[in-house]
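**Student:** Here is my input; please provide its structure:
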Amino acid sequence: MAISHAQALPQEWQALGFTPGLSLRVFGMRRSGNHAILSWLQRNAPNRRSVFLNNCKPGTDPLQNSRGVAVNGAHAPQHKANRNMASVTQDAGDGALFLVSYEDTSPAEFDINRQASGRFDEALFSHNVLIYRSFLNWSASLLKKMQANDGYTLVRRNGIVLRTIDSYIRLLGLVRQAQDLGLVAICYDRWMRSADYRAQFLQDLGLGQHDNSLGEVQHYGGGSSFQKQASSAAELQTDRRWQQMRSDAEFQAMLHMAARDAALLEELEALFPEDAAYLKNVAQHQPLPQGEGL
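**Tutor:** Numbering: from 1, shown residues only. The predicted structure follows:
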């Protein structure tokens with residue numbers, strides 16, 4: 001009996017409604033420039049044809065647990081995708097780019113007993129991509145974002161920040177081993193600064209260079225924590241976030257705690273030595289006034 005083309009396809013591609021030319025699974029901490037880089041990848045997709053599943057629930061099938069869908073760069077109806085993914089995504093057509101993103105996690109959080117994408121066949125992903133950012137600017141942006149949420153008490157938002165720093169440390173550990181593990185690691189700081197850096201990654205991933213600009217500011221997660229009115233990513237001062245938070249007492253307290261984390265300092269010394277040096281200087285100062293009077 002002859003097997004039809006549809007029956008020969010992996011069940012994941014049948015559910016998706018098309019066969020991707022390139023499929024990327026992307027991991028990164030929130031406020032690491034994830035969506036800027038994901039937008040850039042979509043703009044450089046073959047004929048700008050792409051499907052993007054945003055902020056999927058870790059440990060589950062991304063086709064069933066995404067928190068947003070975009071087809072060919074435009075937002076698609078989530079409720080319709082939840083009922084029938086192919087009805088939304090099939091218009092991208094065979095050969096389109098397929099992007100799946102996860103936030104505040106990395107492959108370091110999973111093992112053979114619990115896969116990052118649940119029952120989705122991991123062999124179907126062409127590459128696993130890690131997005132990372134310098135600690136001082138990343139932590140400043142994350143805390144600024146938390147402070148804007150009126151529903152978060154100081155204790156709650158700092159609990160979130162500290163737990164996320166723990167995941168960030170493990171992500172950096174993978175970044176250092178990326179080449180040996182077959183992972184693609186993109187540094188947001190360098191991506192922002194260098195068109196050549198961006199172009200090299202497009203070439204490495206097998207994508208053409210259609211739009212290698214920084215693009216527009218993405219509004220996922222509320223957009224920039226610091227520059228709400230900015231429309232072009234080139235306007236953003238992403239390399240100055242920690243200086244803009246330097247006088248914030250909450251940020252100072254967080255830095256004093258981070259400066260005493262040996263595992264964090266070890267990763268930063270390898271990847272962001274200037275950040276490590278600054279934290280070591282912070283650790284030399286007492287966070288509270290000393291002496292009598294209390």
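
**Student:** Helices of this structure, residue ranges please.
**Tutor:** Applying DSSP state H to the chain gives helices spanning 5-8, 11-16, 34-43, 78-83, 85-89, 135-147, 154-176, 178-181, 188-193, 195-205, 241-244, 249-258, 262-271, 273-283.

**Student:** Does anything pack onto the longest one? Which helices or strands?
**Tutor:** The criterion is 3 or more C-beta pairs under 8 Å, 6 or more residues apart in numbering; DSSP states H and E, and the helices and strands that helix 154-176 contacts are strand 127-132, helix 135-147, helix 249-258, helix 262-271. C-beta: built from backbone N, CA, C; applies to glycine.

**Student:** could I get these as JSON lines with mean pLDDT, distance to Ala108 and mean neighbour count?
**Tutor:** Listed next are the helices and strands packed on helix 154-176 as JSON lines, based on pLDDT from 0 to 100; distance: least, C-beta to C-beta, whole Å; neighbours: other C-beta atoms under 10 Å:
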{"stretch": "strand 127-132", "mean pLDDT": "97", "distance to Ala108": "10", "mean neighbour count": "22"}
{"stretch": "helix 135-147", "mean pLDDT": "92", "distance to Ala108": "17", "mean neighbour count": "23"}
{"stretch": "helix 249-258", "mean pLDDT": "92", "distance to Ala108": "19", "mean neighbour count": "17"}
{"stretch": "helix 262-271", "mean pLDDT": "98", "distance to Ala108": "12", "mean neighbour count": "17"}
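
**Student:** For Leu183, find the nearest of these.
**Tutor:** strand 127-132 (5.2 Å; C-beta to C-beta).

**Student:** got a list of contacts for the closest one?
**Tutor:** 24-29, 32-34, 37, 106-107, 168, 171-172, 174-175, 178, 182-188, 205, 271 (C-beta atoms under 8 Å, 6 or more residues apart in numbering).

**Student:** could you flag which of these are buried?
**Tutor:** Buried members of the contacts of strand 127-132, scored by 16 or more other C-beta atoms under 10 Å, are 24-29, 32-34, 37, 106-107, 168, 171-172, 174-175, 178, 183-188, 205, 271.

**Student:** what about Asp204, how many residues close to it?
**Tutor:** Neighbourhood size, Asp204 [other C-beta atoms under 10 Å]: 11.

**Student:** pLDDT score assigned to the residue lying closest to Val282 once chain neighbours are set aside?
**Tutor:** Excluding the flanking residues, the one nearest Val282 by C-beta to C-beta, 6 or more residues apart in numbering is Ala259, at 4.2 Å. pLDDT, Ala259: 95.

**Student:** List the residues that contact Ala259.
**Tutor:** Shown in contact with Ala259 (C-beta under 8 Å, 6+ apart): 265, 279-280, 282-283.
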